[in-house]
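Q: No sequence on hand, only this structure:
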């Protein structure tokens, strides 16, 4: 087992980067307020969520039927978690009072034994824990516990933490292998992660052990879910679960034996994140090996160049190796957040920096694409190629939206993006007993205490521009900074106090020893724009190239390049020029320009569908912008993978 | 309004063509017997259909619950219709006794007022006609009536015809705009076509008028379906119908006002076929104009080069103009059969031969692909590009099977192919008051009486080989043959009694006057293999070519060309050589061979998903076989549209 990394306190990190701080500001300014209104059904043009109302009914403050999707409660918990992270960053202070109020309501809704779920309390009190496949009870509990841990850590207020502990205690007593316990596990993983967080906060082993139980019991024969379905008879909430596919929820096999990334991508990532945590906690090499296999299968065979996962638009799931369609894929924003969580934990459990390569790609591309620059529109689904008029409703393209949406009835992505951006620091920094780690090159300041040595760092990053990253580090004793070398770094240089050094490199980190006082570290990475090809087996990308600069994938948009982008060809060695950023896009990131060819077949008439070939080539100058910023200037076509002239 | 074409009697046509007679023989030898066993649940390795058992229960011969899908009865009716056509062709005589027996059973199941539907009779007698959206009652009745008309016409036996008339009379009295009648229409069109056939057989106007009513009432405001759903509350049979999309069943607008081919492709084709029949019967120019608009939209913007329709794998439906994905499409075999029906009727109503171009393409490609050469495996879905390991279950590819299946739980396609192949003569010949029409170049003999002139023809077609079609025609008086000029004919020649003539050409037909006695007509069409491109707006085919010869689309198969066919490139003007047919494929159709390039990128390692471009080109000789014959030599990749070197 490798190093175990610890996270810095969020309140000790301040993100100053123009790109991310712009988004983070929107989180506190807009998303949290917007979501509060949605939770309270105060928006006229949004469908009611009934979220707060459900809690009022469960708490006995109102009378009525509990409405909304069965896991609607989680909207509130994710909101609360985001508020906690914003408070840690010193933003959104005005929400603390609202949060405290709503915590009172949550506590009031909790039953005496610790049970807490508005659907089952109000609508189906006699059916608790009988529909783990679809009921989302453990998933909902998990989000509550995660929110509670975050809120307690940032505010020190115990009320919601006590609700969480009481609920977790109930779960620990209800589930397990002892006589009288239910030998089930969640249809949607999440509780495992939450219990581990609660254990790490409280030190109570039973939380960790129940998390381990849930992972160990999953997929064991006879399969609990099949017995449950047989007993219950068919579906209750989601008709698509008839003929239940065990792979969908990774319950086809014990996780420790699994080889590939399967099923619903968010479920898979949450499960793997918990597995990595458990492998670390229990020093379980076999479990870590399973994590490794699944990770490798994912990043080597089932991940988009944007860090998106879940190739199937139907059921938001993994499909087969190298099956990466660009226009019909799901690539849910939340799934890439899950990938970030999994990668972070793998880095911690193994001590290897390489996991952060995929984390970085997911963050800069799919996760950031999930939200518009104004912070009030979201993508749930993140295709790599869009022709808006093909995105028809009630068809195979129903899930693909050519423009970001205001909100979603299943509103997991917006609050998930919010909580990720509000807690971004956890992906930038980490520490162990002997060093401070820098994983992402996002301008920020941080402070930490490692042993008795106090670290204060200031990072100024131009990773998206010229590849220069300047770090000022002040330590009170001899210290060490370990810096991840990104996969695109090329022939990088490093200067410490203005002298070039040849640093030790281990597990993907370059290591810099610091003497007491202030040191300056300057990194010079190669971030020249580059053409990237895919493995020959990826049919969708065969004979195509994508354009990257540093961690950013670039794309063509109709507003800059006209329509029918699918008719564009580039040469394999086309020179790319960096141009000025587009004023209306944030982050001062250059656009890229290059020459291409546009194919036309004028021998086929307007009213003809098939006819004689008669291809003509027109020269064209193309302009590419960062993928994460597409659809910020109106609706139009978008394309990542461009055809190569052969 | 144009000419009104009449069909010849099926028993007066004998198909001798090696390709089609091979399939037709399988229909009588294998499909009908196989299906009989399935209807009777006599196959051990197939799921029970309960079909005959349901009729026994409805007839009071057995007791129990009626099982299977709500429209399961239609399996038996389609079987009966196929038997009728086989008998007409002089095949399958051994099935007549079984058919008579089962007709007795059907008659016994019919209720006193004419009602006949085993689901509603047994399971839900108080819910008759309350779920037109999903219940398929009118659809089921339509198939019974079609079978009855066919069986009566070929055998002269009246029993099933009387059942049909009684059932149709009930429907005519239940539905309509009069006081006390239901102002509904079918969720799945079919009854309209059946009632028109029954009218044409019996001359009873009420059948025609009720068919017209169903078309006229459809899509009128307020929408009947929405009222029905509101009254009934949600779905009963098909959960996917929650949030019912009116376009799915073409009920979003009155058919006469519709502009585009929308929704479920089979429903659309059955509706349009009925509309074309009605336009002809009522000489309704407006209705014919609507048919024309929908037809043109379909063949000019929404049809695959194989005559497949229904681009969306989800809900088997049309999507948007030029949205023609090659690997995820539905292109149901039944939908292309529906297209043939629609085209046949448009030709009759307008007198134009051009509709038969799409009919021919659909027949030779998608419809024939629907069945294997052995006649015991079927495709429901017909993609144009298949990589078998991407066809994963429970994902967006769930509907795509890389090999033909034994049977389907919703078994519309196998019997639909069976009845189409068994009644193929209707697409080859037709007549009006003054001429015999030849629409397809399929070796066969035919006889007909036009006025007082007796026609006897023998056609020997080499349309799939060298393009020569020889017709011997004997007439007893002065006669005329009109022969469709196919769209691929090129500079064709025609010889009558060994002399080249320059014939009159009108509406796509060349016209040959015949003197009493025997004449020889030889047609020489250009069937050199040709590369075909798609309209620039078809993103899926942009920069690609397909290979055709006559009406046949060719494809590459892994067995002849290795895998990763998606990495194959051809030159725009690559010369194509005709080679000997493959022994194990039927019909003596040449294979086509040409030089191509295979793209490889050796700079990306086995465990790498993305990396540096480093394309290399390998020369390769490719062999293409007819698309309809793919997957007759094992499971492997298949590709129609090949990339062009730019």
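A: Cool, got the structure. Since we're looking at a predicted model, the values are computed, not measured.

Q: and the end-to-end length of stretch A:376-385?
A: Using C-alpha to C-alpha, to the nearest Å, the end-to-end distance of stretch A:376-385 comes to 23 Å.

Q: now that stretch: mean pLDDT?
A: Here stretch A:376-385 scores 94 as its mean pLDDT.

Q: Check stretch A:81-92 too.
A: The model assigns stretch A:81-92 a mean pLDDT of 91.

Q: before we move on, what about stretch A:398-409?
A: Across stretch A:398-409, pLDDT averages out at 87.

Q: Stretch A:169-178 now?
A: On average, stretch A:169-178 scores 98.

Q: Just give the nearest non-adjacent residue to residue A:259, would you?
A: Nearest residue to residue A:259, sequence neighbours excluded (C-beta to C-beta, 6 or more residues apart in numbering or on different chains): residue A:293, at 5.3 Å. Placement of C-beta: from N, CA and C, glycine included.

Q: could you say which helix or strand contains residue A:229?
A: Using DSSP states H and E, residue A:229 sits in helix A:224-232.

Q: From the contact counts, what lies against the next helix or strand after that helix?
A: The first helix or strand that comes after helix A:224-232 along the chain, using DSSP H and E, is helix A:265-282. Applying 3 or more C-beta pairs under 8 Å, 6 or more residues apart in numbering or on different chains; DSSP states H and E, we find helix A:265-282 packed against helix A:191-202, helix A:205-217, helix A:285-301, helix A:333-350.

Q: switch the cut-off to 10 Å
A: For helix A:265-282, the packing partners by 3 or more C-beta pairs under 10 Å, 6 or more residues apart in numbering or on different chains; DSSP states H and E come out as helix A:137-155, helix A:191-202, helix A:205-217, helix A:285-301, helix A:333-350.

Q: Tell me which of the ones you listed sits nearest to residue A:4.
A: Nearest to residue A:4, of all the helices and strands packed on helix A:265-282, is helix A:333-350, at 5.9 Å by C-beta to C-beta.

Q: What average pLDDT does the closest one get?
A: On average, helix A:333-350 scores 97.

Q: Can you list the residue ranges for helices in the stretch 51-200 of chain A?
A: Counting by DSSP state H, counting those that start in this stretch, the stretch 51-200 of chain A has helices at residues A:51-58, A:73-88, A:95-109, A:118, A:137-155, A:159-174, A:191-202.

Q: follow-up on the earlier one: switch the helices and strands packed on helix A:265-282 over to CSV, and while doing so, append mean neighbour count to every line.
A: Converted to CSV, the helices and strands packed on helix A:265-282 look like this (neighbours: other C-beta atoms under 10 Å in any protein chain shown):
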stretch, mean neighbour count
helix A:137-155, 25
helix A:191-202, 24
helix A:205-217, 20
helix A:285-301, 19
helix A:333-350, 27
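
Q: before we move on, the earlier item: where among the helices of the stretch 51-200 of chain A is average confidence lowest?
A: Across these, helix A:73-88 gives the lowest mean pLDDT, at a mean of 94.

Q: same for that one, what does it pack against?
A: helix A:18-26, helix A:32-39, helix A:51-58, helix A:95-109, helix A:137-155, helix A:159-174, helix A:413-422, helix A:425-428.

Q: re the thing from before, is it true that the residue nearest to residue A:259 touches residue A:262?
A: No: Residue A:293 lies out of contact with residue A:262 (C-beta atoms under 10 Å); the separation is 11.7 Å.

Q: Let's have the helices and strands packed on helix A:73-88 in CSV, adding distance to chain B.
A: Output for these, formatted as CSV (distance: least, C-beta to the nearest C-beta, whole Å):
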stretch, distance to chain B
helix A:18-26, 23
helix A:32-39, 21
helix A:51-58, 22
helix A:95-109, 29
helix A:137-155, 20
helix A:159-174, 29
helix A:413-422, 20
helix A:425-428, 21
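
Q: Mind checking the ones you listed for the one nearest to residue B:33?
A: Between these, helix A:137-155 lies closest to residue B:33; by C-beta to C-beta that is 51.9 Å.

Q: Does anything pack onto that closest one? Which helices or strands?
A: helix A:73-88, helix A:95-109, helix A:159-174, helix A:191-202, helix A:205-217, helix A:265-282, helix A:413-422.
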